[in-house]
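Peer 1: dropping a prediction and its sequence here:
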Amino acid sequence: MTNEISVVIAGPRGKMGREAVKLVEQTEGMKLSAVIDRQYNHNQLSDLEGFNSDAVIYTSPEECFTTVKPDVLVDLTTPETGYLHAKTALLNGVRPVIGTTGFTQTELEELKELSKENQLGTIIAPNFAIGAILMMKFSQMAAKYFEDVEIIEMHHDQKLDAPSGTGLKTAEMIKEQRASKQQGHPDEKETVTGSRGGDIDGIRIHSVRLPGLVAHQQVMFGGEGQLLTIKHDSHDRGSFMSGVKLCIHSVMNLQELVYGVENIID
Ligand SMILES: NC(=O)c1ccc[n+]([C@@H]2O[C@H](COP(=O)([O-])OP(=O)(O)OC[C@H]3O[C@@H](n4cnc5c(N)ncnc54)[C@H](O)[C@@H]3O)[C@@H](O)[C@H]2O)c1
Ligand SMILES: O=C(O)C1=N[C@H](C(=O)O)CCC1
């Protein structure tokens, strides 16, 4: 009888997946039981360059979950794949920790329902970095005092979704705090489409994608004669790993879906 948490990671060869493989391998009380990849079915991870784990690779999430019966799935793939993996996990008794961003509102609602029906924890984590979580919380606090806000999120140019999960979550948290407001001049006109950014209940959000960036966000609040900027930078993907570890532990004690790591920290 072991109390180890059995973990499966989807997307082990990706930028985040590689870090998560190292984390789980090095964490006492966790075991990397298998991984889900698009290729290399039934090979061991150690057959691939840069890995020394004996975890088996599965290309089918169903086969992985029914054979390995892990406790937790950590998904770090792409929006479409992450959603399918989360759904398949819940239907097979596995608790999803989803770092993948870019899910639609309908997908989130569906996962929430499935989680509840199956009484299995799910964590959807738009950002695992503690600094980013604090940036979102501080922004929500500031929104009580400043009604005009614009979000600038900046990421590497391989990112598939825009706006970022963090940007969206920040806007949603601010929305909970302030009355709806259409910002800028009432008669403003864009002469170049998109120049005023995305619009979430009047909150403007701008997505920058450049090589050399990792994950960065500024939340700018403007008021009479003053500007408050709340800013966070992830310079490398190690910044996300303590959050991944916390979520793997926390999801074991949940029976429903939690959206945002701010909801599981004190
Ligand atoms: N929540 C957070 O804190 C956080 C931090 C960084 C990245 N992310 C998100 O995590 C995801 C991954 O980011 P990344 O930078 O590692 O991307 P990446 O492109 O480096 O890696 C994605 C991996 O997913 C794999 N993949 C794609 N389809 C698959 C499938 N059907 N089955 C198995 N594997 C599949 C790819 O082969 C690739 O190795 C993105 O959605 C990103 O937005 C979240
Ligand atoms: O690299 C990415 O992609 C990241 N995505 C998350 C988001 O969309 O907010 C978190 C930061 C890194």
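Peer 2: It's in. In this text, all values refer to a predicted model and were calculated from it rather than measured experimentally. Numbers count the residues shown, from 1 in each chain. Ligands and ions are numbered 1, 2, ... in the order given.
Peer 1: going by C-alpha atoms from here, please, whenever you check contacts or count neighbours.
Peer 2: Will do.
Peer 1: can you show me the strands along the stretch 1-150 of the chain?
Peer 2: Applying DSSP state E, counting those that start in this stretch to the stretch 1-150 of the chain gives strands spanning 5-10, 30-36, 56-58, 72-75, 95-98, 122-124, 148-155.
Peer 1: can you redo those strands as TSV with mean neighbour count, mean pLDDT and distance to His42?
Peer 2: TSV is the format used below for those (neighbours: other CA atoms under 10 Å; pLDDT from 0 to 100; distance: least, CA to CA, whole Å):
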stretch	mean neighbour count	mean pLDDT	distance to His42
strand 5-10	25	98	14
strand 30-36	24	98	10
strand 56-58	23	98	5
strand 72-75	28	98	18
strand 95-98	28	98	22
strand 122-124	28	98	27
strand 148-155	22	98	34
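Peer 1: would you list those in a markdown table and tack on distance to ligand 2?
Peer 2: Output for the strands of the stretch 1-150 of the chain, formatted as a markdown table (distance: least, CA to the nearest ligand atom, whole Å):
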| stretch | distance to ligand 2 |
| --- | --- |
| strand 5-10 | 15 |
| strand 30-36 | 19 |
| strand 56-58 | 23 |
| strand 72-75 | 13 |
| strand 95-98 | 11 |
| strand 122-124 | 11 |
| strand 148-155 | 6 |
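Peer 1: and the stretch 151-266 of the chain, which of its residues are near ligand 1?
Peer 2: Contact residues (CA under 6 Å from any ligand atom) of the stretch 151-266 of the chain with ligand 1: Phe240.
Peer 1: please name the residues that touch the closest residue to ligand 1 within the stretch 151-266 of the chain.
Peer 2: Nearest residue of the stretch 151-266 of the chain to ligand 1 (CA to the nearest ligand atom) works out as Phe240 at 5.4 Å. Phe240 is in contact with 127-130, counting by CA atoms under 8 Å, 6 or more residues apart in numbering.
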